[in-house]
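Engineer: sequence plus predicted model, see below.
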Amino acid sequence: MEHVFVTLQHLLKDTTVTTFVKHFDDRRIYQYNEFFLLDQDRINRLFKTNLEELASEITLTPTDFDLEVVKVVAMTIDGDFILASDSQVFVVPNTMVKADVETFDMPVIDFFVSYEEHTLSSSIIPTYESSELSETIDTANNDDSLAHEETSQIKPESSHQSKEPLQSESQEVVSNTTSTPKQKKGLLARLFGKK
């Protein structure tokens, strides 16, 4: 697996959430690793919609976060949100339940580096130890026909179905599984190089 964030941490001018978000926006990168959506317009709209639609006594309210300081950074394909200030990251489950929000005292780039290095301890964001990932890959390779049958039938579920595609033709995807080496090289050059 390529370590995009491990490399990126050394290239960003600082560790602020604004710099992190701007880096991906400037390069028109709206998805990472087929798990994190980074399209700021879309995820901010969905976050606000979820706050309104799931409003109750136990869920977050618009006043729980000062959205001038705390930014919605990413959304998982499971509908969980990653919010961050310059020094903290908040993982908000798709249920928006206040008691279930996880807080990490670190800059957002460090959070994603921890995710990428499989050292993030979260009950919401799935993390895999290297050995678990190897086992999963080995198991899939040992039974290719069954794995292909099972995965071809799996479709992500969402309580809020959207008619919008996850990406438009003009949007790029950082993916470790579907990009050709040439596509990855071009995208990584944009990610780590100049605009």
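Structural biologist: Cool, got the structure.
Engineer: select the longest strand from the protein.
Structural biologist: Counting by DSSP state E, the longest strand found in the chain is strand 71-76.
Engineer: alpha carbons only: can I get that strand in CSV?
Structural biologist: The C-alpha coordinates for strand 71-76 follow below in CSV (Å, rounded to 0.1, in the frame of the first residue of the first chain):
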residue,chain,number,x,y,z
LYS,A,71,-13.7,22.0,9.7
VAL,A,72,-15.4,19.0,8.1
VAL,A,73,-12.4,17.3,6.5
ALA,A,74,-13.6,14.0,5.2
MET,A,75,-16.4,11.5,5.2
THR,A,76,-16.1,7.7,5.0
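Engineer: pairing partners for that strand, with directions?
Structural biologist: Sheet pairing for strand 71-76, assigned by DSSP bridges, gives strand 36-37 (antiparallel), strand 81-84 (antiparallel).
Engineer: from memory Ser114 sits against Val108, does it?
Structural biologist: No - counting by CB atoms under 8 Å, Ser114 sits too far from Val108 to count as a contact (10.7 Å). Any C-beta I mention is one placed from the backbone N, CA and C, and that applies to glycine too.
Engineer: now do the helices in the chain.
Structural biologist: 4-8, 17-26, 40-53, 108-116, 130-142, 144-153, 181-192 (DSSP state H).
Engineer: ok, Ser114 and Val108, which is more surrounded?
Structural biologist: Per other CB atoms under 10 Å, whichever of Ser114 and Val108 has more neighbours is Val108, with 27 against 19.
Engineer: excluding its backbone neighbours, what's nearest the more buried one?
Structural biologist: Take Val108 and drop its neighbours on the chain: the residue closest to it by CB to CB, 6 or more residues apart in numbering is Ala84, 4.0 Å away.
Engineer: partners of that neighbour in the sheet?
Structural biologist: Lys71, Val89.
Engineer: next one, pLDDT for it please.
Structural biologist: On pLDDT, Ala84 comes in at 97.
Engineer: right, and it touches Phe65 too?
Structural biologist: No - with contacts counted by CB under 8 Å, Ala84 stays clear of Phe65, the gap being 10.2 Å.
Engineer: overlap of the contact sets of these two?
Structural biologist: Taking CB atoms under 8 Å, 6 or more residues apart in numbering as the contact rule, Ala84 and Phe65 both touch Phe90.
Engineer: compare those two and say which one has the larger neighbour count.
Structural biologist: Taking neighbours as other CB under 10 Å, Ala84 and Phe65 compare with Ala84 leading, 27 against 19.
Engineer: can you pull the contacts of that one?
Structural biologist: Applying CB under 8 Å, 6+ apart to Ala84 gives the contacts 17, 20, 70-71, 73, 90, 107-108, 111.
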